[in-house]
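Engineer: Take a look and give me a structure for this.
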Amino acid sequence: MTQADAPIRNPAKEKLQRGEAVLAFNVFEALRPSVAKIAAQLGIDLLLVETEHVSHNPETLTHFLVLARDNGLAPIVTIPTVTRPIVSGLLDAGALGFCLCHAETPEQVAELVRWAKYPPLGERALAHAANADYRITDVARYCAAANQATLLLLKIESRKGIANAGAMLAIEGIDGVVFGPGDLAADMGLHGRWQDPALLAAMEGVAKLALARRLAVEPPVGPTDQAEYQRQRAAGYRIFGPARVTEYDHLRAGALAALAPFR
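Structural biologist: Numbers count the residues shown, from 1 in each chain. Next up is the predicted model:
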């Protein structure tokens, strides 16, 4: 089965598997058609849909996940805990994977893989809802394609996560790693000091582990110009974009720029 004829696809994961970079965009509250449409127009690959810090109406969330997929985006849901109902429910609602925030132990990561993958890779239960465009004509083919399409990222944001990164990244089924420098800084007693050398060194150590395993990883500090982007790409980094800010920040920045002439 080729990617072109698979019954379910994840274009963002396919790009990562080819060694290409992807652009990620963080969405907290604005589960609106405009967000998905504009993100697609801008060339965004991944939508990181937040569920740690906000609550969503399940029906609205399902609508947004389906809308994102229909516009060529990969909706990846950020989750703070791993349980079968959470993982199965969000996948069947249309999520194409997860970003596990506060990833800290191999057991926690193994549980994520267990519920996110169909047998023989895991124990995900079969459904034919939004996950499968509401139909499955070939169960074996669909399950194999879904396992291939589901993207699993770990978000390292604590000292415990740093210490256990090697063991977590060694678990089969994990595709990449991102960072939560705000919470990591706080856990290290460096509240708000995102550029502290100790903080950067901790993230760089995890990044080296990920790069050695050829997993996708975001740079500890994102590029500020094209030259730095090219250097980071050459170093092996593949996850980029404004994934550490929210639509709140973009709205505020745009409004401030628009109001500047009147200040």
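
Engineer: Alpha carbons of the helix or strand hosting residue 234, in PDB - could you do that?
Structural biologist: Assigned by DSSP states H and E, residue 234 belongs to helix 226-235. Taking Å, rounded to 0.1, in the frame of the first residue of the first chain, the C-alpha atoms of helix 226-235 are listed here in PDB:
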ATOM      1  CA  GLN A 226      16.200  32.600   7.100                       C
ATOM      2  CA  ALA A 227      19.900  32.000   7.600                       C
ATOM      3  CA  GLU A 228      19.400  30.600  11.100                       C
ATOM      4  CA  TYR A 229      16.500  28.400   9.800                       C
ATOM      5  CA  GLN A 230      18.800  26.900   7.200                       C
ATOM      6  CA  ARG A 231      21.500  26.200   9.800                       C
ATOM      7  CA  GLN A 232      19.000  24.500  12.000                       C
ATOM      8  CA  ARG A 233      17.600  22.500   9.100                       C
ATOM      9  CA  ALA A 234      21.200  21.400   8.200                       C
ATOM     10  CA  ALA A 235      21.700  20.300  11.800                       C
END
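
Engineer: helix or strand right after it?
Structural biologist: Going down the chain from helix 226-235, the next helix or strand is strand 239-240, by DSSP H and E.

Engineer: May I have the strands that pair with that next one, each with its orientation?
Structural biologist: Sheet pairing of strand 239-240 (DSSP bridges) gives strand 22-27 (parallel).

Engineer: How about residues contacting the strand it pairs with?
Structural biologist: Applying Cβ atoms under 8 Å, 6 or more residues apart in numbering, the contact partners of strand 22-27 are 12, 15-16, 35, 39, 42-50, 76, 178, 216, 218, 238-247. For every residue, glycine as well, the C-beta is placed using N, CA and C.

Engineer: let's go with 7 Å and repeat that
Structural biologist: Strand 22-27 is contacted from outside by 12, 15-16, 35, 39, 43-50, 238-243, 245-247, using Cβ atoms under 7 Å, 6 or more residues apart in numbering.

Engineer: Find the residue at the geometric middle of this protein.
Structural biologist: Per Cα atoms, centre = their mean, the C-alpha nearest to the average position across the chain is that of residue 99, at 4.4 Å.

Engineer: which stretches of this protein have low pLDDT?
Structural biologist: 1-5 (pLDDT under 70).
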